[in-house]
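*Asks:* please work out how this folds:
(chains A, B and C)
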Amino acid sequence: MLTLSELADFITSKGIPCTVEGDGGVSISAVATLEDAGEGQISFLSNPKYEPQLATTRASAVFVRPELKPPRPMTLVRTADPYAAVTAAIVRLHGYREHPHWGVSPQAFIHPTAKIGANANIAPGVHIARDVVIGDDAVIYPGVYIARRCKIGNAVTLFPNVVIYEDSVLGDRVVVHAGTVIGEDGLGYAPVNDKWVKIPQIGNVVIGDDVEIGANCTIDRATLGSTVIGSGTKFSNLIAIGHGTKIGDDCLFVAQVGIAGSVNVGRHVTMAGQAGVVGHITIGDNVTVGAKAGVTNSIEEGMTVLGAPAVPIQECKRQVAAMQKLPQMKKEILRLRNDVQRLLERDGQAEKRES
Amino acid sequence: MLTLSELADFITSKGIPCTVEGDGGVSISAVATLEDAGEGQISFLSNPKYEPQLATTRASAVFVRPELKPPRPMTLVRTADPYAAVTAAIVRLHGYREHPHWGVSPQAFIHPTAKIGANANIAPGVHIARDVVIGDDAVIYPGVYIARRCKIGNAVTLFPNVVIYEDSVLGDRVVVHAGTVIGEDGLGYAPVNDKWVKIPQIGNVVIGDDVEIGANCTIDRATLGSTVIGSGTKFSNLIAIGHGTKIGDDCLFVAQVGIAGSVNVGRHVTMAGQAGVVGHITIGDNVTVGAKAGVTNSIEEGMTVLGAPAVPIQECKRQVAAMQKLPQMKKEILRLRNDVQRLLERDGQAEKRES
Amino acid sequence: MLTLSELADFITSKGIPCTVEGDGGVSISAVATLEDAGEGQISFLSNPKYEPQLATTRASAVFVRPELKPPRPMTLVRTADPYAAVTAAIVRLHGYREHPHWGVSPQAFIHPTAKIGANANIAPGVHIARDVVIGDDAVIYPGVYIARRCKIGNAVTLFPNVVIYEDSVLGDRVVVHAGTVIGEDGLGYAPVNDKWVKIPQIGNVVIGDDVEIGANCTIDRATLGSTVIGSGTKFSNLIAIGHGTKIGDDCLFVAQVGIAGSVNVGRHVTMAGQAGVVGHITIGDNVTVGAKAGVTNSIEEGMTVLGAPAVPIQECKRQVAAMQKLPQMKKEILRLRNDVQRLLERDGQAEKRES
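*Replies:* Have a look, this model is predicted:
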């Protein structure tokens, strides 16, 4: 617990300037939503949709933008970026998850050829196969399976039932949530007489530093070479990445995104929920792909696309607006046809009269 | 095994009136589809698509609606709701799944501070962490992980490899199918200089009574507060629920539905397969969202929507019909332009002549 | 390692005629992509998109089509099907995955009534329930759960954390990747007074020979009868198959495909990524369903469909082309209306003058 002024000073010291407006001496022990917050709790207003909740919140203080006009006298902390400020407040007041402490459980199955770094925390029921190398400070939950020759960096966290196939490489501070599978075979078959002949998938998966992957995702190993997830990239849940695809650094993928094989995705690309990308194309840096978009062609750097097939967002919005007018357009075309038909008939008569 | 009359009486006693038409003395031992059923088996006709199979089924009896005209003499059980009747028949003749009996396995890893209710059935290889509380009559299959401070109600069934992150709350009679993950971190990052800074996800997941969740789903914990799944709600498989979203009671979600974060879904809402909903909106009670719909705006109570972006179903059907006419519309506009051009030219000549 | 000529002879002997053009004596030890290949490695050119990489590859030899003109002098192996040739080369030089050898681990939980065939390889932490029957040469990774009365064929591979519910049947040489769930209950509920009453799901899942299923898929058991996956069919990841659906032989489903319940899919059907199919319809043999397509009606044999709702691919392409012209069409209709209005007005005046 600390006072509001102490909290504001702490956040300011983290590079996010904050100014208290009201009683800086109030004690703050937790962060909560505007709806749920009570005494001793601080909340925040970032999305303007929630501004009406300012009138009724019982929070002791609220992070808001400099220009906000409160609906009643309130204790505020003004800052240019309330979202960054509340993030810092959550880290300060609540911190990150504490993991159980297992040490290296004697009930984990660790092959004698595997090398495990210092300060490892490996649960019972973990399986680590032959020739695996794991860095320092690993946290590995029950039910995780790490296959032969994987190389895992320092300070990696693998939640329960994560499965990592052979030869995968994970960087430092990678976090993989429960049930995600890394390095399974992709859909690699040669068609021979209407049958599918399996192609051995001899490539691997390489994941950079500071990557976080959600729950129940699947990342195919490459047929040849590597499937790559760049450093700093963050995935939500139930995402499928095809074999040989390379994702750049600092991307953000929302749940249920699917990327086919042999795609090159640039850095800092955002994919919204349920977006899909066909194989063998290139997505430039800083591209944003809208929810449910179906990307069928390469996309230039910096574009925002939407729709299936995906097109630049302004074009998609024009298409959608026009589509919603379609039934009226159909009627208007009918009316035009009638009018024109009448004009043509009268014109024919006029022509006849003239001749 | 019992006679057809006994079965009909049993179902009637459950509030679903049934009348036997034909030999009530025939022995019935099982329920099967019209296609598969043989002697001693009862089937049902609910979806009219399958009516042609009445002519060929070898079932000893069939549940049908009062008005149905059979294609040949058959033993029928007439009832206003054949689907409810066959459900009662399956329960009576086959019952629900029997689970293995493990008692509390000494090979389960149960933290000494965890409290487990009476009559627990906990498999080898289950992990239950510090300060977990579980009610009576739990059935917990192998590979399940339950993290710190979770509160699990009575008569809960967790199938193999379910993972429940810390602080989750599950009501009574909740069933979670294999591989589902509850309470993983959502995609909560603050953008700082093109990097994604993780926001500790300090909220939790709260699941009501009588909820059933399919296999390999993912339900994010809230950043602050709770992600909520209302009592009586049923999920199919591979469903993703975003952080802080609240789903009402008695909803039905088909496979691969994705709901972004901070969505409020009312009660008795149906989401068909692969539907998606963007964040921070409200879906009213009794709404139906069609398959593959992409919901981008709040929806009023009782509506049925379809399409991406989703619109009321009648509007969507008009749009689809118009879209299928689009190529013809394009041609018709060209023809109109030609006709109008000709008229304009003649009109210009007429004007010239007149002047 | 072997010489290029030896490799070409081997592939030719497998029914894929190959001709070396250049130095047949060069040693080949591995297969790699055009981009990654170095000395002693062979690559291939199948997709014409990658032809520019021929100029820069450091591969010692490349499989190419008979008609290809290389951009510079290179050692080539000409063949009508470079993709089949490289598949054979990978099998010859790298082989298929080697599994760890556990024998039948004493730390696996195998019910005494289960029958396990010869030469089984069953990891610690595997659970095999009462009355399960497993053929010869099984490979079962840690965390797999096989429920009561399942019948598993010969030479089956189950990767970590696969869950198979009771009464499932798997053919010979079936491969199931990590985290996939087979035989969970489908979404079977009878609506009674706005509540969902569970229907016991008493059917099962039957999987043919030589089926390969990706990671984190879900295949519902049938309510009555069987959900069926035909022999030779291959699935990618995160695929959902509804209860009672029957998939034919030699199909190929890309990631995140969802098929609702009671669908009949023919043989050799291809479903591209994120495609969806509604319940109770029939898909003919050799149908191709495009990425993200939403199939709402039965499809005749041999068709290729695309779009949501899905239509024949040529029609879909015409619709998409027309849709991209929609904003212009809207403008053109407005122009036509103006012109017609002017004509109508002049016509009215003319009529007046005439009368």
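
*Asks:* need the contact list for A:Lys115.
*Replies:* A:132-134 (C-beta atoms under 8 Å, 6 or more residues apart in numbering or on different chains). Every C-beta, even on glycine, is put in place using the N, C-alpha and C of the backbone.

*Asks:* separation between it and C:Asp194?
*Replies:* Distance check for A:Lys115 against C:Asp194: by C-beta to C-beta, to the nearest Å, it reads 59 Å.

*Asks:* by mean pLDDT, flag the weakest helix or strand of chain A.
*Replies:* Least confident helix or strand of chain A, by mean pLDDT, DSSP states H and E, is helix A:326-354 with a mean of 85.

*Asks:* in that one, what's buried?
*Replies:* A:326-327, A:329-330, A:332-333, A:336, A:339-340, A:343, A:347 (16 or more other C-beta atoms under 10 Å in any protein chain shown).

*Asks:* for stretch A:110-130, same thing?
*Replies:* Buried residues in stretch A:110-130 (16+ other C-beta under 10 Å): A:110, A:114, A:116-117, A:120-129.

*Asks:* tell me which two in the residues you listed are the farthest apart.
*Replies:* Based on C-beta to C-beta, the longest span within the buried residues of stretch A:110-130 runs between A:Gly117 and A:Gly125 and measures 20.3 Å.

*Asks:* just to revisit the earlier point, next step: the contacts of A:Lys115 restricted to helices.
*Replies:* Residues of these located in helices (DSSP state H): none.

*Asks:* right, and out of those residues, which lies closest to chain C?
*Replies:* A:Val132 (11.5 Å; C-beta to the nearest C-beta).

*Asks:* what's the local residue count around the closest one?
*Replies:* 23 (other C-beta atoms under 10 Å in any protein chain shown).

*Asks:* can you give me every residue that contacts it?
*Replies:* By C-beta under 8 Å, 6+ apart, the neighbours of A:Val132 are A:111, A:114-115, A:146-152.

*Asks:* any of the residues you listed buried? List them.
*Replies:* A:114, A:146-152.

*Asks:* now narrow those to whatever sits close to chain C.
*Replies:* A:Arg148 (C-beta under 8 Å from any C-beta of the partner chain).

*Asks:* which of the buried ones among the contacts of A:Val132 sit farthest apart?
*Replies:* That would be A:Arg148 and A:Ile152, which, of these, are the farthest apart (C-beta to C-beta) at 12.7 Å.

*Asks:* setting aside sequence neighbours, what's the nearest residue to A:Glu300?
*Replies:* Distances taken as C-beta to C-beta, 6 or more residues apart in numbering or on different chains put A:Gly284 closest to A:Glu300, at 5.1 Å, once the chain neighbours are dropped.

*Asks:* ok now do that neighbour, which residues does it touch?
*Replies:* A:266, A:269, A:298-303.

*Asks:* now those as TSV including secondary structure, neighbour count and pLDDT?
*Replies:* TSV is the format used below for those (DSSP: H, G, I helix; E, B strand; the rest coil; neighbours: other C-beta atoms under 10 Å in any protein chain shown; pLDDT from 0 to 100):
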residue	secondary structure	neighbour count	pLDDT
A:Gly266	coil	21	98
A:Val269	coil	24	98
A:Ser298	coil	13	98
A:Ile299	strand	22	98
A:Glu300	coil	13	98
A:Glu301	coil	13	98
A:Gly302	coil	12	98
A:Met303	coil	16	98
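
*Asks:* export the residues you listed as a markdown table, with columns for distance to A:Leu2.
*Replies:* As requested, the contacts of A:Gly284 are arranged in a markdown table below (distance: C-beta to C-beta, whole Å):
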| residue | distance to A:Leu2 |
| --- | --- |
| A:Gly266 | 42 |
| A:Val269 | 39 |
| A:Ser298 | 51 |
| A:Ile299 | 47 |
| A:Glu300 | 48 |
| A:Glu301 | 44 |
| A:Gly302 | 42 |
| A:Met303 | 45 |
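
*Asks:* which one of those residues sits closest to A:Arg92?
*Replies:* When the contacts of A:Gly284 are compared for distance to A:Arg92 (C-beta to C-beta), A:Val269 wins out at 31.1 Å.

*Asks:* got the phi and psi for whichever residue of the stretch 1-150 of chain A sits closest to chain C?
*Replies:* Closest to chain C within the stretch 1-150 of chain A is A:Tyr145: 4.0 Å, counting by C-beta to the nearest C-beta. Phi and psi for A:Tyr145, reported as degrees, to the nearest 10, are phi -120, psi 120.

*Asks:* from chain B, how far out is it?
*Replies:* The gap separating A:Tyr145 from chain B is 11 Å, by C-beta to the nearest C-beta, to the nearest Å.

*Asks:* how about A:Ser168?
*Replies:* A:Ser168 is 20 Å from chain B, by C-beta to the nearest C-beta.

*Asks:* distance-wise, check that residue relative to chain C.
*Replies:* 12 Å.

*Asks:* now swap in A:Gly171 and tell me
*Replies:* From A:Gly171 over to chain C the distance is 20 Å, taken as C-beta to the nearest C-beta.

*Asks:* just the helices in the stretch 51-200 of chain A please.
*Replies:* A:82-93 (DSSP state H, counting those that start in this stretch).

*Asks:* which bits of it sit near chain B?
*Replies:* So far as C-beta under 8 Å from any C-beta goes, the stretch 51-200 of chain A lies against chain B at A:83-84, A:86-87, A:90-91, A:94-97, A:100, A:107, A:123-125, A:141-143, A:159-161, A:177-179.

*Asks:* buried subset of the residues you listed, written for PyMOL?
*Replies:* This is how PyMOL selects the buried members of those, with burial counted by 16+ other C-beta under 10 Å:
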select buried, chain A and resi 83+84+86+87+90+91+97+100+107+123+124+125+141+142+143+159+160+161+177+178+179
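
*Asks:* count of residues packed around the closest residue to A:Gly38 other than its chain neighbours?
*Replies:* Distances taken as C-beta to C-beta, 6+ apart place A:Arg58 nearest to A:Gly38, at 5.1 Å, with adjacent residues excluded. Neighbourhood size, A:Arg58 [other C-beta under 10 Å]: 13.

*Asks:* the nearest residue to A:Ala222 once chain neighbours are set aside: neighbour count?
*Replies:* In this structure, A:Ala222 finds its nearest non-sequential neighbour in A:Gly203, 2.8 Å apart by C-beta to C-beta, 6+ apart. If you count neighbours by other C-beta under 10 Å, A:Gly203 ends up with 23.

*Asks:* any weak-confidence spans in the stretch 101-250 of chain A?
*Replies:* Along the stretch 101-250 of chain A, no part satisfies pLDDT under 70.

*Asks:* go with 90
*Replies:* Along the stretch 101-250 of chain A, the model assigns pLDDT under 90 to residues A:192-193.

*Asks:* chain C contacts on that one?
*Replies:* Contact residues (C-beta under 8 Å from any C-beta) of the stretch 101-250 of chain A with chain C: A:109, A:125, A:127, A:129-130, A:143, A:145, A:148, A:161, A:163, A:165-166, A:179, A:181, A:184-187, A:189-190, A:192, A:194-200, A:202, A:216-218, A:220, A:223-225, A:238, A:240, A:242, A:244.

*Asks:* check the stretch 251-355 of chain A too.
*Replies:* A:256, A:258, A:260, A:274, A:276, A:278, A:280, A:294, A:296, A:308-309, A:311, A:315, A:318-319, A:321-323, A:325-326, A:329, A:332-333, A:336, A:339-340, A:343, A:346, A:350.

*Asks:* from A:Ser236, how far out is the closest residue to A:Leu306 other than its chain neighbours?
*Replies:* Distances taken as C-beta to C-beta, 6+ apart place A:Gly290 nearest to A:Leu306, at 3.6 Å, with adjacent residues excluded. According to C-beta to C-beta, A:Gly290 and A:Ser236 sit 15 Å apart.
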